[in-house]
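**Q** Kindly generate the corresponding structure for this input.
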Amino acid sequence: MRIAFIVGHFPRLSETFILNQVTGLIDRGHQVDIFSEYEGDWQRVHPDVEQYDLRQYTYPLHPVPASYGQRFWQGARLALTRWPQAPGRIVRSLNPLAHGRYALGLWTLYSSVSLIDQDWPAYDIVHCQFGTQGHRGWFLQRLMAPATKLVVMFRGHDISSYVRQKGEDVYTDLFHAADACLTNCNFFRQRLIQLGCPAHKVAVHYSGLDIGKFDYQPRRLDPDGTIQLLTTGRLVEKKGIEYVIRAIARLARRYDKLKYTIVGDGPLRGHFEDLIRNLGLENFVQLVGWQDEQALIHQLSQAHVFIAPSVTAEDGNQDAPINVLKEAMAIGLPVVSTRHGGIPELVQDSVSGYLVPERDVAALSDRIEQLINSPERWPEMGQAGRTFVEQHFNLHMLNDRLVTRYEELLRTKDPPPRSLPLANFPA
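**A** Below is the predicted model:
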């Protein structure tokens, strides 16, 4: 199969779930091209990006300015510059009878000029990796090959904070145009159906984990009694890290050998440094910044308990079953997390760890203390987590399933209507 991935940024170290699908499809003999709205970070890349030489298969899409004045001014310059190369394609992209308000808003023009420089193959699948790229994928699908199947994946912010910002009808036309929608948890599947996506069009496709990279290690208490707690992730509101720091402040009064390590970076780092200092936790909490995959695996191997305290951010942003939790469970760590988004689909409360309400410092402190005082339970909880991840989040199984989903779509003969002249378009 020939498959076009539509992404926001590529490459991006925090989005290994996209990379895993790209390399998985290539390993299965399929051609994958990556169309990126914004250039990723080519200085810090996952080793697979270089091993598979993915730069030569990554192509830029012209970003669409948010300001209408800038959008029309730049669009006019683009059209005039590219007119000698493909006048027919530019005219077709501006046809409001075919593309409705998307033509009037120049979305189809910006998508069209991104395709002028090469003769693109007739893709079998256009797969948008986030709902926020869904409309770009739709335009590319229409401009390149209308018979191509359109798949749109919804993963988190695109079905939570973005919908709150743009309105609950932002995807109405996309639901109509897409051949299939996927979500990375059932929590978001139900949300998509509430927004109007036909239930038969949307299926759950979890983000997988390469289990082989994580050696299972039953946890045991260190001889000196030190207990290592660990959190990894971006230092942003949605990750809820502040509430763990406050929980540690409660526990530090009674457990002088408690160590809490936070791996990651982000805009809240300065705030967390101030909070740690103000709470007098310099000897208990350590911020170590971003680390690569091997260093992260080492941190996981040294820890006793993993904490992922996700919360619904002020802008509505929510998490699916997050990859760092899967990694911690795969390596054998008991976990403490929250009843948030899709996380209860991953963590079985009181089996592989504990779930607490969002932002509940007292509950976090209580459950962490339970694990501190029950090291004999660590191995059974760790084994339960490892088994669950193996059964439901195995990357190779999920990549096989993705290929099957594509093949089933390609056997479907009746595509949905593609032209919606009265559809809304994102600002």
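
**Q** so the closest residue to His62 other than its chain neighbours, which of the three states?
**A** Excluding the flanking residues, the one nearest His62 by CB to CB, 6 or more residues apart in numbering is Tyr110, at 4.5 Å. Backbone N, C-alpha and C define where each C-beta goes, glycine included. What DSSP: H, G, I helix; E, B strand; the rest coil gives for Tyr110 is helix.

**Q** Provide a list of residues in contact with Tyr110.
**A** Leu61, His62, Pro63, Val64, Gly75, Leu78 (CB atoms under 8 Å, 6 or more residues apart in numbering).

**Q** quick one: it from Cys128, how far?
**A** Taking CB to CB, to the nearest Å as the measure, Tyr110 and Cys128 are separated by 16 Å.

**Q** Which pair of the contacts of Tyr110 spans the longest distance?
**A** Spanning the widest gap among the contacts of Tyr110 are Leu61 and Gly75, at 13.9 Å by CB to CB.

**Q** in what helix or strand does Cys181 lie?
**A** Secondary structure assignment for Cys181, by DSSP states H and E: strand 180-183.

**Q** for that strand, packing partners?
**A** Using 3 or more CB pairs under 8 Å, 6 or more residues apart in numbering; DSSP states H and E, the elements in contact with strand 180-183 are strand 149-154, helix 186-194, strand 202-204, helix 395-410.

**Q** Output the next helix or strand after the shortest one in PDB with nothing but the alpha carbons.
**A** Right, strand 202-204. Toward the C-terminal end, the helix or strand that comes next after strand 202-204 (DSSP H and E) is strand 227-232. Taking C-alpha atoms only, strand 227-232 is exported to PDB below (Å, rounded to 0.1, in the frame of the first residue of the first chain):
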ATOM      1  CA  ILE A 227      12.300   4.400  48.100                       C
ATOM      2  CA  GLN A 228      12.600   5.900  44.600                       C
ATOM      3  CA  LEU A 229       9.500   7.500  43.100                       C
ATOM      4  CA  LEU A 230       9.500   8.600  39.400                       C
ATOM      5  CA  THR A 231       7.500  10.800  37.100                       C
ATOM      6  CA  THR A 232       8.300  11.400  33.400                       C
END
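
**Q** Downstream of strand 227-232, the next helix or strand is which one?
**A** Strand 227-232 is succeeded, C-terminally, by helix 241-251 (DSSP H and E).

**Q** Report the angle between whichever helix or strand comes after that next one and strand 227-232.
**A** Next along the chain after helix 241-251, taking DSSP H and E as the criterion, comes strand 258-263. Interaxial angle, strand 258-263 versus strand 227-232 (axes from the mean of the first three to the mean of the last three CA atoms, to 10 degrees): 20 degrees.

**Q** Show the pLDDT at Pro415.
**A** For Pro415, the pLDDT comes out at 52.

**Q** Gln299 now?
**A** 96.

**Q** hmm, who's touching the helix or strand hosting it?
**A** Secondary structure assigned from DSSP H and E places Gln299 in helix 293-302. Helix 293-302 is touched from outside by 46, 213-215, 217, 228, 230, 232, 261, 263, 288, 291, 306, 327-328, 331, 333, with contacts defined as CB under 8 Å, 6+ apart.

**Q** Please apply the same query to stretch 252-264.
**A** With CB under 8 Å, 6+ apart, stretch 252-264 has contacts from 224-235, 239, 241, 244-245, 248, 251, 272, 281, 284-291, 296, 299, 303, 307, 372.
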